[in-house]
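[1] sequence-free structure coming up:
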């Protein structure tokens, strides 16, 4: 599936993700730890695939950031009616620090594309953009377990991320990031279609609090 990328075919990629990529269930996981914080920062927001779930919260200020100018332009057009949504093409480490920071910082399906050292670097950069009582949430696909459904194991062979980790491995990585303390971790099975079937992936939801 390497030919079908968000940069080459953004519209087709979005449709594929909605019908076969588990978008509906992923969105649910990305708001599992959302408690109505007034400001949201999504790191690696892509086309706004996950961003859409935050439209229902009318009073929040949402900011999506990604280094890919193609997907950011697509997201800006898609969300032009949402005046409380901002999309920025920038590296997180270069994002100007706001006075208050963000209450909810989301990493949705980003870390399995990055080696450990780069993960620590970008997560440490996020510490500069979070409120003192905010939270960072990472939602990530995990290496299938031996007791997972057969279809899940086969479907995950399509995953393009080169740094998939087990639940314990990802927990250990997140635990090693300075400036945060671990709050909790959960694992969930998700379906690939809007109908939540068939089960296609195991995802971890990890919450960190700033120290």
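    Sure, I can see it. Only a predicted model underlies this, so the values are computations on that prediction, with no experimental measurement involved.
[2] quick one: residue 65 and residue 22, what's the gap?
    Distance, residue 65 to residue 22, using Cβ to Cβ, to the nearest Å: 23 Å. (Each C-beta comes from the backbone N, C-alpha and C, glycine too.)
[3] so between the two, which is more surrounded?
    Set residue 65 next to residue 22 and count neighbours by other Cβ atoms under 10 Å: residue 22 wins out with 25 against 20.
[4] what's near enough to touch the more buried one?
    190-193, 200-201 (Cβ atoms under 8 Å, 6 or more residues apart in numbering).
[5] my read: residue 149 touches residue 202, true?
    No: the pair residue 149 / residue 202 is not scored as a contact, 9.5 Å apart, by Cβ atoms under 8 Å.
[6] so what sits against both of these two?
    With Cβ under 8 Å, 6+ apart, residue 149 and residue 202 have common neighbours residue 189.
[7] those two: which is more packed in?
    residue 202 (22 against 14).
[8] confirm that one sits in a strand?
    Yes: judged by DSSP: H, G, I helix; E, B strand; the rest coil, residue 202 forms part of a strand.
[9] can you give me the helices for the protein?
    Remark: helices assigned in the chain by DSSP state H are 10-20, 23-30, 69-78, 116-126, 150-155, 167-175.
[10] helices and strands around the third one, which ones?
    Counting by 3 or more Cβ pairs under 8 Å, 6 or more residues apart in numbering; DSSP states H and E, the packing neighbours recorded for helix 69-78 are helix 10-20, strand 61-66, strand 85-89.
[11] ranking those by burial, who's on top?
    strand 61-66 (a mean of 22; mean count of other Cβ atoms under 10 Å).
[12] just checking: what are the partner strands of it?
    Applying DSSP bridges to the sheet, strand 61-66 is found paired with strand 39-43 (parallel), strand 85-89 (parallel).
[13] which helices and strands sit right next to the least confident helix or strand in the chain by mean pLDDT?
    In the chain, the helix or strand scored least confidently by mean pLDDT, DSSP states H and E is helix 10-20, which has a mean of 88. For helix 10-20, the elements it packs on are helix 69-78, judged by 3+ Cβ pairs under 8 Å, 6+ apart.
[14] quick one: mean pLDDT over the helix it packs on.
    Computed over helix 69-78, the mean pLDDT rounds to 96.
[15] out of the helices of the chain, which gets nearest to residue 59?
    helix 23-30 (18.3 Å; Cβ to Cβ).
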